[in-house]
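Asks: Sequence first, predicted coordinates after that:
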Amino acid sequence: QVQLVESGGGLVQAGGSLRLSCAASGRTFSSYRMGWFRQAPGKEREFVGVINRSGDSTYYADSVKGRFTIWRDNAKNTVYVQMNNLKTEDTAVYYCAANRGLSNREADFDYWGQGTQVTVSS
């Protein structure tokens, strides 16, 4: 069992930056690929990016590529996402999730955090 807690959300102006953190419980954090997803009002949850177990490989959705950076600190059981040049369309609840497998499909992630709100104003 893994429990995930996101933090760092808030209100920021367009063009600004935020860093989200996701702290995981348990001693097996390094055995999970960690993903970030987001859900905007009235829309389905969508994939943002993922990082592999060792932290040396990442993959991003086209909509955030070049603006968002995901990294992890396995010693601290924490995964991060740095979000730069934020746009109003980035407004959403952001979730981190853990996956023992290799899929990036939302349905294949085993554990989820409760989410943190990010609001980007124009």
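Replies: Arrived safely. Note that the structure is predicted; figures quoted are calculated from it, not measured. Numbers count the residues shown, from 1 in each chain.
Asks: Go ahead and flag the most central residue of this protein.
Replies: Central residue of the chain (Cα atoms, centre = their mean): W36, 2.5 Å from the mean position.
Asks: which SSE is the residue nearest to that residue when sequence neighbours are not counted in?
Replies: Excluding the flanking residues, the one nearest W36 by Cβ to Cβ, 6 or more residues apart in numbering is V48, at 4.1 Å. Every residue, glycine included, has its C-beta placed from N, CA and C. In the assignment (DSSP states H and E), V48 maps to strand 46-51.
Asks: pLDDT weak spots in this protein?
Replies: Along the chain, no part satisfies pLDDT under 70.
Asks: SS state for E44?
Replies: coil (DSSP: H, G, I helix; E, B strand; the rest coil).
Asks: count of neighbours near it?
Replies: E44 is flanked by 7 other residues according to other Cβ atoms under 10 Å.
Asks: Provide the backbone phi and psi angles at it.
Replies: Main-chain dihedrals, E44, degrees, to the nearest 10: phi -80, psi 160.
Asks: can you offset everything so residue one is 729?
Replies: Right, with 729 as the first residue, what we last looked at is E772.
Asks: what's the distance between it and F765?
Replies: Using Cβ to Cβ, to the nearest Å, E772 is found at 10 Å from F765.
Asks: hmm, back to that, can you name the residues that contact the residue nearest to W764?
Replies: Taking Cβ atoms under 8 Å, 6 or more residues apart in numbering, we find V776 in contact with 763-766, 788-789, 792, 796, 809, 822.
Asks: biggest separation within those residues, which pair?
Replies: Y788 and Y822 (13.8 Å; Cβ to Cβ).
Asks: Between those two, which is the more surrounded one?
Replies: The neighbour count for Y788 versus Y822, taken as other Cβ under 10 Å, is higher for Y822 (23 against 19).
Asks: give me every residue that touches that one.
Replies: Counting by Cβ under 8 Å, 6+ apart, Y822 has contacts 734, 737, 748, 764-766, 776, 809, 843-846.
Asks: Good, we can wrap up now.
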